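Visitor: everything below, folded, please.
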Amino acid sequence: MFRKIMVPVDLAHLPSLQKALDVAAGLAREYGA
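Guide: Numbers count the residues shown, from 1 in each chain. Modelled structure (predicted):
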């Protein structure tokens with residue numbers, strides 16, 4: 001469906017950034033992006 005997924009990040013919240021990136025990577029893997 002999608003070839004690229006953009007993930008907005010807020011550098012003021014670095015501790016929660018890893019979880020957001022993990023979720024985005026999982027979605028990309030699941031949908032073949």
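
Visitor: how about low-confidence regions in this structure?
Guide: By pLDDT under 70, the low-scoring segments of the chain are 1-2.

Visitor: out of everything not next to it in sequence, what's closest to the residue most central in space within it?
Guide: For the chain, the residue sitting closest to the mean C-alpha position, by Cα atoms, centre = their mean, is Ala24 at 2.6 Å. With Cβ to Cβ, 6 or more residues apart in numbering as the criterion, Ala24 has its nearest non-adjacent residue at 4.4 Å, and that residue is Val7. Every C-beta, even on glycine, is put in place using the N, C-alpha and C of the backbone.

Visitor: let me know the secondary structure of the one you found.
Guide: Secondary structure state of Val7, per DSSP: H, G, I helix; E, B strand; the rest coil, is coil.

Visitor: count of residues packed around it?
Guide: Using other Cβ atoms under 10 Å, Val7 has 12 neighbouring residues.

Visitor: could you pull up phi and psi at it?
Guide: Per-residue torsions, Val7: phi -120, psi 110 (degrees, to the nearest 10).

Visitor: what about it, distance to Leu14?
Guide: Distance, Val7 to Leu14, using Cβ to Cβ, to the nearest Å: 14 Å.

Visitor: and what of Ala33?
Guide: 24 Å.

Visitor: so between the two, which is more surrounded?
Guide: Neighbour comparison, Ala33 and Leu14: the larger count goes to Ala33, with 13 against 9 (by other Cβ under 10 Å).
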